[in-house]
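S.K.: generate a structure from the sequence data that follows.
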Amino acid sequence: MENERSPIIMWFRRDLRLSDHPALSAAIETGRPVIPVFFLDETVEALGAAPKWRLGLGLETFACSLEKVGSRLILRRGDALAVLQELIIQSGAKHVFWSRAYDPDAIVRDTKIKTALTEQGVSAKSFAGHLLFEPWSVATKSAQPFRVFTPMWRAVQNRDVPAPTIAPTHVQPPAQWPASDDLVDWHLGTQMKRGALVVARYVRPGEPAAFEALHQFLDRITPYADNRDRLDLDGTSNLSEYLSLGEIGPRSVWHAVQRAGMTGVRGVEPYLRQLVWREFAYHLLFHNPRLLSRNWKPEWDTFPWNTDANLPEVTAWRQARTGVLAVDAGLRQMYVTGRMHNRARMVVASYLTKHLMTHWKIGMDWFADCLTDWDPAANAMGWQWVAGSGPDASPFFRIFNPQTQRKKFDPQSDYVRQWIAEGQPDPPATALAYFDAVPRSWNLSPTDPYPQPVVEMATGRQRALAAYEGRKPR
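M.R.: Numbers count the residues shown, from 1 in each chain. Alright, predicted model coming up:
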């Protein structure tokens, strides 16, 4: 008969929080001791520089949160199945709980692990938590996954979302803790190099900071619909990095925003739509894993995109030296803060895929290396949406003009001045920080003249449209 005091291994992934955590709540409710663990496996090793560095900060903060409730975070490096099996032997655990992931690599890993553990008599159970709605629970009337956002929004906007569970005040520890790696020895920030010191000024990791950001957003949510696209205003929620690492649960955000709406606060529905847009990306990825690596629409496989990431104009784009203010400002914001305004992301992506006729995957991979709020589903869908090759995409002939976008969403050029130092007699610290964040090998200085455009707006647009008209469907 199984020892009723055998511990449960609680495997944390992109869910570094105590509240709104179905898997953790279920583990605590059993009354058994809980061993929280995080593994540096191949999926974590594959992360880009900025997401991996930000993960390290999140793990450090989350470990402190666990200590406050009488627990600790056990760190192990290696193949997840092998490490789990070792921990099971060492701890005598008969159960492993985790929150579900929806990207293809994680699904393959988790399926393999669940099968292997079940065969050796260990219960492996996965739980919801990263999304509001499980991907298989939302479908069209013909039982197909939604491929267009608006019908999906209509289908779920009035659905009941379970209330988030509250954070535990105590997590029962095991009689003996297994050995743990030291987070410092993982060197998760190595690839960030000197940029880490710059970006760190703009990062406040952890669940308490996530809830503080949520409450600050609720105080200014009323003009959200009007301000969220303004580059020069703080009009967005600033929750992306917290949702990406699961430092706040989507149900907590949904219910907090809903409660604000019930008190008469305006601006609620436009934001809830954006929260479901995140869901839409994950549902698309779950049902169509090709979203991460191939054109969603196969007819775009023959489109003459450049696939050479080392062309001079692509290098100028990476270095935020295209000579186009809105594009360069957006990229520089990313290098300094780890994030980029969503409107700027669209402008930056459109310029690369259309004016520079460069494959969206080059941009997607660069963002995956540079964004602290990197999210696999949102990043892939966003790039394919702008490029025109994705589901529910912006038509290719809708080419963002960075100059008109800047006039509309940065009318006084405040955003540009904040991030572009060249040409300013007394540039702000934010603009100068770009030169401290980027690699020394780029050999850039704020005293350099601002570059001329690598391609004229009209020329780039005409070239893109000509390619679009001349493409040959597969």
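
S.K.: okay, now residue 144: neighbour count?
M.R.: 9 (other C-beta atoms under 10 Å). All C-beta atoms are positioned from the backbone trio N, CA, C, and that covers glycine.

S.K.: could you report the pLDDT at the residue most central in space within the chain?
M.R.: Centroid check for the chain by C-alpha atoms, centre = their mean gives residue 375 as the closest residue, at 2.4 Å. pLDDT for residue 375: 97.

S.K.: test my guess that it contacts residue 242.
M.R.: No - with contacts counted by C-beta atoms under 8 Å, residue 375 stays clear of residue 242, the gap being 11.2 Å.

S.K.: what's near enough to touch the nearest residue to residue 258 once chain neighbours are set aside?
M.R.: Leaving aside its sequence neighbours, residue 258 sits nearest to residue 268 (C-beta to C-beta, 6 or more residues apart in numbering; 7.1 Å). Taking C-beta atoms under 8 Å, 6 or more residues apart in numbering as the contact definition, residue 268 lies against 221, 257-258, 260-261.

S.K.: determine which two of those are furthest apart.
M.R.: Between any two of these, the greatest separation by C-beta to C-beta is 11.6 Å, found for 221 and 258.

S.K.: mind checking which of the two has more residues around it?
M.R.: Between residue 221 and residue 258, counted using other C-beta under 10 Å, the more crowded position is residue 221 (22 against 12).

S.K.: just to check, the more buried one is in contact with residue 264?
M.R.: No - applying C-beta under 8 Å, one finds residue 221 not in contact with residue 264, separated by 11.9 Å.

S.K.: where do the helices sit along the stretch 51-200 of the chain?
M.R.: Here the stretch 51-200 of the chain has its helices, by DSSP state H, counting those that start in this stretch, at 80-91, 104-119, 149-156, 195-199.

S.K.: all helices for the stretch 251-400 of the chain, in order.
M.R.: All helices of the stretch 251-400 of the chain, identified by DSSP H, counting those that start in this stretch, fall at 268-287, 312-318, 325-337, 342-350, 360-370, 376-387.

S.K.: tabulate those (TSV), appending distance to residue 96.
M.R.: Listed next are the helices of the stretch 251-400 of the chain as TSV, based on distance: least, C-beta to C-beta, whole Å:
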stretch	distance to residue 96
helix 268-287	22
helix 312-318	41
helix 325-337	37
helix 342-350	37
helix 360-370	29
helix 376-387	23
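
S.K.: so residue 17 touches residue 62, yeah?
M.R.: Yes - when contacts are counted by C-beta under 8 Å, residue 17 is listed as touching residue 62 (7.5 Å).

S.K.: list the residues that contact both of these two?
M.R.: Counting by C-beta under 8 Å, 6+ apart, the common neighbours of residue 17 and residue 62 are 207, 247.

S.K.: which pLDDT value goes with the residue lying closest to residue 60 once chain neighbours are set aside?
M.R.: Nearest in space to residue 60, with sequence neighbours left out and distances taken as C-beta to C-beta, 6+ apart, is residue 183 at 6.0 Å. pLDDT for residue 183: 98.

S.K.: got it, and residue 470?
M.R.: If you check residue 470, the pLDDT there is 81.

S.K.: what's the distance between it and residue 15?
M.R.: To residue 15, residue 470 is 47 Å away according to C-beta to C-beta, to the nearest Å.
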